[in-house]
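1. Quick check, what structure comes out for this input:
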Amino acid sequence: MRIFYALLIIVAIVGCGSNASVEFGMNDEALFDGEAGDLAMRVLSIEVPDGDTYATLWEGPEYVPVELKASGFTSITNGYMDVEPRTISRVRVTVDSLIHVQQTSSTLVIEPAYSFIAQAFSPIVIGEDDEIRLVIVINAETWFNESTGQIIQGHDPFEDAALRIYYDYQ
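-> Now for the predicted structure:
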């Protein structure tokens, strides 16, 4: 009987250690492609809600160039990372030194560290042994004026950012 209980405890402990793999990335995912340049930033952290606060899921810094009006995937985490299975409805992303880069010129857009929330349309379930790529869609056309290289008056950087599962259709 003791052997049975010992095996049961071992199975329970092994079962608690399950993980999933997640890779975070960014894109702009606009409807129309164009030659609008890139928004380049250093991503400092990605956090998930933990009660009334946020828990750090990943820390940088990582330089991330995002091509404007393009739906590609630029990795933030440089590959998959292990996470506990969970449901994610939003993430808080902290960036600094947001720069608009177009051909040979660059314009500083924001300099101090800035946090924004990327909201999922519906909760994203990350199950045991899943391998999922999550993309933070920055939706720049709603808050960034590419001709002036500045934030559109009355808008906030990364306004309406979205969190989605990324599917590579190539």
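
2. need the strands for this structure, in chain order.
-> 20-27, 38-50, 53-67, 74-75, 81-83, 86-102, 105-110, 114-126, 131-137, 144-145, 150-151, 162-165 (DSSP state E).

3. Is residue 58 bridged to anything, and to what?
-> residue 46 (DSSP bridges).

4. Neighbours of it, how many?
-> 20 (other Cβ atoms under 10 Å). C-beta here means a position set from N, CA and C on the backbone, and glycine is covered the same way.

5. I'd guessed it sits against residue 79; true?
-> No - Residue 58 lies out of contact with residue 79 (Cβ atoms under 8 Å); the separation is 11.3 Å.

6. which stretches of this protein aren't confidently modelled?
-> Low-confidence segments of the chain (pLDDT under 70): 1-17, 30-36, 169-170.

7. How about residue 168, nearest residue that isn't a chain neighbour?
-> residue 73 (7.0 Å; Cβ to Cβ, 6 or more residues apart in numbering).

8. One more: residue 140?
-> Distances taken as Cβ to Cβ, 6+ apart place residue 28 nearest to residue 140, at 5.2 Å, with adjacent residues excluded.

9. residues near the one you found, how many?
-> The number of residues packed near residue 28 is 22, by other Cβ under 10 Å.

10. Hmm, it is touching residue 65, no?
-> No - with contact defined as Cβ under 8 Å, residue 28 does not count as touching residue 65 (11.1 Å).

11. got the contact list for the closest residue to residue 42 other than its chain neighbours?
-> What sits nearest to residue 42 in space, not counting adjacent residues and going by Cβ to Cβ, 6+ apart, is residue 61, at 4.6 Å. If you count contacts by Cβ atoms under 8 Å, 6 or more residues apart in numbering, residue 61 has them with 42-44, 96.
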